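> How does the following fold in three dimensions:
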Amino acid sequence: MGDPLHTSLCDLVGIQYPIIQTGMGWVAGAKLTSATSRAGGLGILASATMDFAQLKSAIAEVKSRTDKPFGVNLRADAADIGDRVALLIDEGVRVASFAQAPKEVLISRLHDGGALVIPSIGAKRHAEKVLQWGVDAVLVQGGEGGGHTGSVPTTILLPQVVDAVAGKVPVIAAGGFFDGRGLVAALAYGAAGIAMGTRFLLTSDSSVPQSVKDFYLTKAVTDTTVSKQVDGVPHRVLNTDLVNQLESGSGKLLALPRAALNALRFQKLTHTPIRSMLSEGLAMRKSMDLSWAQMLMAANTPMLLKAALVDGKVDSGVMASGQVVGVIDDLPTCAELIERIMAQAASVLVSLS
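Residues are numbered from 1 along each chain as shown. Below is the predicted model of the structure:
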């Protein structure tokens, strides 16, 4: 009998352990991505907050730090998505992940270039659709997860997606995972691995300022809110004075002017042409069925996240977080974290047998 902790995901991607670090904007840079991959998992570089030159530089840095497989998270509606896909192919990046599923033509282009395509999904019907398009695996996030999230808990959504996929491609479980017990539980449901965001954010390899990590570590499992006031769509974030103000309605009057100002700041920071930002915004509005106001608010998100996760301004920024924040109390290296998860998972399997 083979090792139950060596799954089809390991074979597909070429990794030692079935653990993925998600592509969190402003968090999943070259250091965290390479540290995860070097430790035997799959690190995913976040590109949504990078311009093309920054992405190229980040990929080069990851490759200089490790020769292990890694991935890059892309936005399918990015104005320069064609150039980014070409870059991934040219650089031999193993995995292209997407928060929103790319169209078939983009999947085919990535496959022709030797890259695997793994979209994130939040519903059974989404799994069925992308399976028809030929994706290589699906990452399913339950409502416990941080950032943009749905309302169905992982324990309900995961088995639905596993049944819908019916073994055709590996299913990766996300939302609520942080230890070896969770990995075994995900495998019991039929998943081939787990993906974690908040748990990797809270490692010593994460570039998030120490003061912000300390702030995260003070929070309980009840200290997150799923808010639509940040960018117009459900977004699980830590409770802060700013978020509470937005939720109460007292901050709504200034929400749109602030969003417009932050969109301009983001444009200057990433050197993204305004025309490209407008194109992305229109594509987002169409694909996500957003109102004009919601589209403008969505442009607000990157700078609100940067204020906290890069600049360390916990009082004026937004911090995406899963509910697992309340059960995390240390900051291990990625290697220590993955080793601990795998050891605990092995121990759990022994106790079950």
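
> wait, what's in contact with the nearest residue to L309 once chain neighbours are set aside?
Setting aside the residues directly before and after it, L309 is nearest to W26 in space (Cβ to Cβ, 6 or more residues apart in numbering), at 4.4 Å. Where C-beta positions appear, they are placed from N, C-alpha and C, glycine not excepted. The neighbourhood of W26, defined by Cβ atoms under 8 Å, 6 or more residues apart in numbering, consists of 46, 49, 302, 305-306, 309-310.

> Quickly list the domain ranges of this protein.
According to automatic domain parsing, the chain comprises the domains 8-209+329-352, 220-320.

> Provide the secondary structure category for H111.
Assigned with DSSP: H, G, I helix; E, B strand; the rest coil, H111 falls in the helix class.

> Flag the shaky bits of the stretch 1-150 of the chain, pLDDT-wise.
Applying pLDDT under 70 to the stretch 1-150 of the chain flags residues 1.

> Same question for the stretch 251-353 of the chain.
Screening the stretch 251-353 of the chain residue by residue with the criterion pLDDT under 70, one finds the ranges 251-300.

> how about 50 then?
Within the stretch 251-353 of the chain, the ranges that satisfy pLDDT under 50 run 253-254, 266, 269-270.

> which residues in it form strands?
Ranges of strands in the stretch 251-353 of the chain, per DSSP state E, counting those that start in this stretch: none exist.

> Out of the domains of the chain, which is the most enclosed?
Mean neighbour counts were taken over the domains of the chain using mean count of other Cβ atoms under 10 Å, and the top value, a mean of 21, falls to domain 8-209+329-352.

> Determine how far it lies from the middle of the whole chain.
Once both centres are worked out by Cα atoms, centre = their mean, to the nearest Å, domain 8-209+329-352 turns out to sit 7 Å from its chain's centre.

> May I see the domains of the chain organised as JSON lines, with distance to G2 added?
Rendered in JSON lines, the data for the domains of the chain read as follows (distance: least, Cβ to Cβ, whole Å):
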{"stretch": "domain 8-209+329-352", "distance to G2": "11"}
{"stretch": "domain 220-320", "distance to G2": "35"}
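
> Nearest to E247 among the contacts of W26?
Distances from the contacts of W26 to E247 were compared by Cβ to Cβ; the smallest belongs to L305, at 17.3 Å.

> ok, the closest one - contacts?
Going by Cβ under 8 Å, 6+ apart, L305 touches 25-26, 49, 317-320.

> how much space between it and T33?
Distance, L305 to T33, using Cβ to Cβ, to the nearest Å: 17 Å.

> How is the closest residue to N73 other than its chain neighbours assigned, secondary-structure-wise?
Nearest residue to N73, sequence neighbours excluded (Cβ to Cβ, 6+ apart): G23, at 2.8 Å. For G23, the secondary structure call by three-state DSSP comes out as coil.

> Cool, thanks, talk later.
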